[in-house]
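Participant: turn this into a structure:
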Amino acid sequence: MKRWWLGVALATTAIASLVFAQARTDAAKEPAKKAELGQQAPDFSLKDVYGKTFTLSEFKDKIVVLEWVNHECPISRGKHTDQTMQNTYAKYAERGVIWLGIDSTHSNTADTVRVAAAKHHLTFPVLLDPDGKVGRTYSARTTPHMYVVDRKGKLVYSGAIDDRKEQEGVNHVAAALEDLLADKPVATSRTDPYGCGVKYAK
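Facilitator: Here you go, the predicted structure:
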């Protein structure tokens, strides 16, 4: 009789373990909550090209700019060649703004991205998102695709870096940062990003 009850107990424990394991697997498959303007920006943890881990939440109480990059895209590369990104970053880094590049290109490696970043003298971190999880969470469509997160952790801008005009053009990211630094709501919170499509892993 004791052996029978022992068998039942072992079987019950095994079934419970299988159910728990399946629940964890199902939870892992669930997509992360999508980023939405006006809502808390989804946290993430990614390594940069040197292996250092960065999380969005570590920059609590800071304004954060996210730039989707791909050195193989002529538009993304062009915004580094003409110093648009570097100049904007440098101007606002002095005022406490954090800038993070994110590369969701599935075929790029730490080595190739590191070489490209050094070539263009990028002084902000470039993070690697090879499985595209973070990019898809933020619905990043192009390189570049820009996002701004305010001091409260809310996503307040999504779109292009600028309006493409070479003369007297509008830098949308700079405008959003100026609003935030003046404690004003962002006047233009969404624009259409332009560039190459993000090369996500299939």
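Participant: helices of the chain, residue ranges please.
Facilitator: 2-29, 74-81, 84-93, 110-119, 133-137, 172-181 (DSSP state H).
Participant: give me the distance from the shortest one to the chain's centre.
Facilitator: So that's helix 133-137. 7 Å (Cα atoms, centre = their mean, to the nearest Å).
Participant: put the alpha carbons of that helix into CSV.
Facilitator: Only the C-alpha atoms of helix 133-137 are listed here, as CSV (Å, rounded to 0.1, in the frame of the first residue of the first chain):
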residue,chain,number,x,y,z
LYS,A,133,13.6,41.5,-29.6
VAL,A,134,14.1,45.1,-28.4
GLY,A,135,13.7,46.5,-31.9
ARG,A,136,10.4,44.7,-32.4
THR,A,137,9.2,45.8,-28.9
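Participant: re earlier: of the helices of the chain, which shows the lowest average pLDDT?
Facilitator: Of all the helices of the chain, mean pLDDT reaches its minimum on helix 2-29 (a mean of 40).
Participant: how does this structure divide into domains?
Facilitator: The record assigns the chain these domain ranges, following automatic domain parsing: 1-30, 34-197.
Participant: adding mean neighbour count as columns, could you present those in TSV?
Facilitator: Where you see a C-beta, it was placed from the backbone N, CA and C, and this is true even at glycine. Formatted as TSV, the domains of the chain follow (neighbours: other Cβ atoms under 10 Å):
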stretch	mean neighbour count
domain 1-30	9
domain 34-197	17
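Participant: could you work out the end-to-end span of stretch 138-153 for me?
Facilitator: Using Cα to Cα, to the nearest Å, one end of stretch 138-153 lies 14 Å from the other.
Participant: nope, stretch 149-163 is what I meant
Facilitator: OK, stretch 149-163 end separation, Cα to Cα: 20 Å.
Participant: any idea how far it is from the middle of the chain?
Facilitator: 12 Å.
Participant: repeat for stretch 60-79
Facilitator: On Cα atoms, centre = their mean, the centre of stretch 60-79 falls 9 Å from that of its chain.
Participant: quick check: phi and psi at Lys199.
Facilitator: Lys199 has phi and psi values of phi -90, psi 80 when expressed as degrees, to the nearest 10.
Participant: contact partners for the spatially closest residue to it that is not a sequence neighbour?
Facilitator: In this structure, Lys199 finds its nearest non-sequential neighbour in Thr105, 4.6 Å apart by Cβ to Cβ, 6 or more residues apart in numbering. By Cβ atoms under 8 Å, 6 or more residues apart in numbering, the contact list for Thr105 reads 70, 72, 130, 143, 198-199.
Participant: one more: Leu155?
Facilitator: By Cβ under 8 Å, 6+ apart, the contact set of Leu155 is 35-41, 147-149.
Participant: list the contacts for the nearest residue to it once chain neighbours are set aside?
Facilitator: Here the nearest residue to Leu155 in space, its sequence neighbours aside, is Ala41; by Cβ to Cβ, 6+ apart that works out to 4.4 Å. Counting by Cβ under 8 Å, 6+ apart, Ala41 makes contact with 35, 56, 64, 147, 149, 153-155.
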